[in-house]
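Asks: Could you look at this predicted model? Sequence included:
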Amino acid sequence: MGSKTNAVRLVEQAGISCKEQFYEYQEDDLSGMHAAQVLGMPPEQVFKTLVARGPKTGIHVYCIPVCCELDLKKAARVAGDKSMELVAVKELLPLTGYIRGGCSPVGMKKQYPTFLDETCILYEEIAVSAGERGHQMLLNPEDLAKITNATYADITI
């Protein structure tokens, strides 16, 4: 821990201000709720990155508060597809370059269509994975939307 990840480097190269937070994690508890707790942040302000696939439109990225669940019907609707399902954990690394518990919306192998839960705009800064377990970056949601070319959407249950 402690070295700059590709995600953090990309954010900084784009001239975006971000703070890094490191925390201890357990292999058996990679939950975002744990991350929020150890960071001392409200779970509504800590966002997890989920990757899903639609039959017509393919891979999409969804960032939602760790205390929420992705609504697959809403996710499909905003992606312009009839359905959406989360990709299998074993597909994460080949698709994104990231592993479960360290998946960042920034710096994936490919730029996938990305959606940020619209509640992110309620905060000056939100936390998202910096690309490795136990490492978060805090940044302004508008800056995150810019660097990931994301769209705000109502995507949670």
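Replies: Here it is on my side, so go on.
Asks: Give the buried residues for the least confident helix or strand in the chain by mean pLDDT.
Replies: The helix or strand of the chain with the poorest confidence is helix 32-39; it has a mean of 87 (mean pLDDT, DSSP states H and E). Using 16 or more other CB atoms under 10 Å as the test for burial, helix 32-39 gives 32, 34, 35, 36, 39. Glycine gets a C-beta too; all of them are placed from N, C-alpha and C.
Asks: Show me what that helix packs onto, helices and strands only.
Replies: Contacts defined by 3 or more CB pairs under 8 Å, 6 or more residues apart in numbering; DSSP states H and E place helix 32-39 against strand 126-132.
Asks: Go ahead and flag the most central residue of this structure.
Replies: Geometric centre of the chain, nearest residue: residue 49, 2.7 Å, by CA atoms, centre = their mean.
Asks: Not counting its neighbours along the chain, what's nearest that one?
Replies: Nearest-residue entry for residue 49: residue 103, 4.5 Å, with adjacent residues in sequence omitted and distances by CB to CB, 6 or more residues apart in numbering.
Asks: Name the residues of the helix or strand where residue 64 lies that are buried.
Replies: Element membership of residue 64, judged by DSSP states H and E, is strand 58-65. For strand 58-65, a neighbour-count test (16+ other CB under 10 Å) marks 59, 60, 61, 62, 63, 64, 65 as buried.
Asks: out of those, what pair is the most spread apart?
Replies: 59 and 65 (21.6 Å; CB to CB).
Asks: Any idea how many residues pack against the nearest residue to residue 148 once chain neighbours are set aside?
Replies: Using CB to CB, 6+ apart and skipping the chain neighbours, the partner closest in space to residue 148 is residue 114 (4.5 Å). By other CB atoms under 10 Å, the residues close to residue 114 number 20.
Asks: Could you give the bridge partners of residue 114?
Replies: Beta bridges link residue 114 to residue 61 when assigned by DSSP bridges.
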